[in-house]
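Engineer: Here's a sequence, model it:
(one chain, ligands or ions: 3)
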Amino acid sequence: MDKKLKLGIPKGSLQNATVNLFRRSGWKINVEGRSYFPDIDDDTIECALCRAQEMSINVESGVIDAGLTGLDWIAEHESDVHVVTDLVYSKVSARPARWVVAVAGDSEMNTLEDLEGKTISTELVKFTKRFFESRHINVNVKFSWGATEAKIVSGLADAIVEITETESTIRAHNLKVIHEIMQTNTQLIANKTAWQDPVKREKIEQIAMLLQAALVAEKLVMLKMNVPESKLPDVVDILPSLNAPTVASLYQSDWFSVETVVENSVVRDLVPQLLKAGAEGIIECALNKVI
Ligand SMILES: Nc1ncnc2c1ncn2[C@@H]1O[C@H](COP(=O)(O)OP(=O)(O)OP(=O)(O)O)[C@@H](O)[C@H]1O
Ligand SMILES: O=P(O)(O)OC[C@H]1O[C@H](OP(=O)(O)OP(=O)(O)O)[C@H](O)[C@@H]1O
Ligand SMILES: [Mg+2]
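Structural biologist: Ligands and ions are numbered 1, 2, ... in the order given. Model (predicted):
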């Protein structure tokens, strides 16, 4: 490819999770040192670190061809970009994060209407203003540079609109959530002109497919086991039916090898049941990609 794809990697909360996901997808991104242009082991891609908050602005203007950022910041800027794919991971988990309205735990405010005339501190100013305007609730929205939860404790705001993933920060400041205004996860977005360029589009689609494949694989494992012919129906019966299991006969014996892909979360309950049903020599293998 003579034109390299300019790819924005989010600097900050999503950085480590994103670099790890690319590694599992087949690309090594090296962000060591102070350079904001990390190396990548693919000479058709040029990486740039960019704050998640301004990624969609840079993708819309074409400074970056494609990038990863949260749905929240795309919504905040109402950016006109092509959303290539939803990638459901956050800073520490493979789940979406939530933007919530929170107040002091002992506050008498319990509904959005109770916030009429109050001061709200947030990093997501435009989205928050639009949210309350659409509900005809008058609030004074003040921009926060961060450490937003502290602003209720120190009396600088009556309420906050803040992102939460594990709720640790909410709990640490004795706050209560009174409303969820948005769920957010990472998205791969593309500049609309770059998306019309066949060469760039093919590269972006390759990245989207492999990132998804690695995310799907994270939730699944492969189970293999040996089963005597007489127990085969019982064992196959208790295997979750994601896909039909592969059953192959073992050389010169009346035993079979059974292989299937199951959700990681069911394995600890499934293995004892398989043993009881007559399976032996069970092995579990991690998967790198599922396409
Ligand atoms: N647990 C999380 N906490 C904060 N942001 C998260 C979390 N999980 C995912 N995100 C996403 O990360 C993006 C914000 O990341 P970014 O690092 O740029 O801001 P930040 O976390 O406020 O950075 P910092 O506080 O270090 O300046 C948003 O799109 C947000 O949805
Ligand atoms: O629900 P939790 O798992 O606790 O995560 C949410 C917290 O993480 C982020 O803080 P960040 O590290 O970005 O600090 P900041 O407030 O200074 O931006 C976010 O702003 C919340 O405070
Ligand atoms: Mg922050």
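Engineer: For ligand 2, what's its nearest residue on the stretch 101-250 of the chain.
Structural biologist: residue 146 (2.9 Å; CB to the nearest ligand atom). Where you see a C-beta, it was placed from the backbone N, CA and C, and this is true even at glycine.
Engineer: what residues are up against that residue?
Structural biologist: Counting by CB atoms under 8 Å, 6 or more residues apart in numbering, residue 146 touches residue 123.
Engineer: Wasn't it part of a helix?
Structural biologist: No: Residue 146: not assigned to a helix; according to DSSP: H, G, I helix; E, B strand; the rest coil it is coil.
Engineer: separation between it and residue 10?
Structural biologist: 16 Å (CB to CB, to the nearest Å).
Engineer: Check the residue of the stretch 101-250 of the chain closest to ligand 2 and give its pLDDT.
Structural biologist: With respect to pLDDT, residue 146 scores 95.
Engineer: In the chain, which residue is most central in space?
Structural biologist: residue 89 (1.4 Å; CA atoms, centre = their mean).
Engineer: In three-state terms, how would that residue be classified?
Structural biologist: With three-state DSSP as the criterion, residue 89 reads coil.
Engineer: Surely it touches residue 187?
Structural biologist: No: between residue 89 and residue 187 there is no contact under CB atoms under 8 Å: 10.8 Å.
Engineer: same question for stretch 215-226, mean pLDDT?
Structural biologist: 96.
Engineer: thought residue 105 was touching residue 177?
Structural biologist: No: under the criterion of CB under 8 Å, residue 105 makes no contact with residue 177, lying 10.0 Å away.
Engineer: quick one, what contacts residue 285?
Structural biologist: 221-224.
Engineer: Let me know the helix or strand that it is in.
Structural biologist: strand 280-286 (DSSP states H and E).
Engineer: Show me what that strand pairs with in its sheet, parallel or antiparallel.
Structural biologist: strand 220-228 (antiparallel) (DSSP bridges).
Engineer: Which residues does the partner strand contact?
Structural biologist: With CB under 8 Å, 6+ apart, strand 220-228 has contacts from 235, 239, 250, 254-264, 267, 270-271, 274, 278-287, 290.
Engineer: Please state the offset of it from the chain centre?
Structural biologist: In terms of CA atoms, centre = their mean, to the nearest Å, the centre of strand 220-228 is set 29 Å apart from its chain centre.
Engineer: Could you do stretch 203-220 as well?
Structural biologist: 12 Å.
Engineer: Near the residue nearest to residue 41 when sequence neighbours are not counted, how many other residues are there?
Structural biologist: Spatially, and ignoring its direct neighbours in sequence, residue 41 is nearest to residue 28 (4.6 Å; CB to CB, 6 or more residues apart in numbering). Number of residues near residue 28 (other CB atoms under 10 Å) recorded here: 12.
Engineer: same check, this time on residue 73
Structural biologist: 22.
Engineer: wait, what's in contact with the closest residue to it other than its chain neighbours?
Structural biologist: Excluding the flanking residues, the one nearest residue 73 by CB to CB, 6+ apart is residue 53, at 5.1 Å. The contact partners of residue 53, taken as CB under 8 Å, 6+ apart, are 73, 76, 123.
Engineer: Tell me if I am right that residue 53 is in a helix.
Structural biologist: Yes: Residue 53 forms part of a helix when assessed by three-state DSSP.
Engineer: Contacts only, for residue 167.
Structural biologist: Applying CB under 8 Å, 6+ apart to residue 167 gives the contacts residue 177.
Engineer: what does the average pLDDT come to for stretch 58-77?
Structural biologist: Confidence over stretch 58-77 (mean pLDDT, whole number) is 98.
Engineer: again but with stretch 262-280, I slipped
Structural biologist: On average, stretch 262-280 scores 96.
Engineer: who touches that stretch?
Structural biologist: Residues contacting stretch 262-280 (CB under 8 Å, 6+ apart): 218-221, 223, 225-228, 230-231, 234-235, 237-240, 242, 258, 282, 284.
Engineer: among the contacts of residue 53, which are in helices?
Structural biologist: If you go by DSSP state H, these have 73, 76 in helices.
Engineer: can you list the weak-confidence ranges in the stretch 151-291 of the chain?
Structural biologist: Filtered on pLDDT under 70, the stretch 151-291 of the chain yields the residue ranges 241-242.
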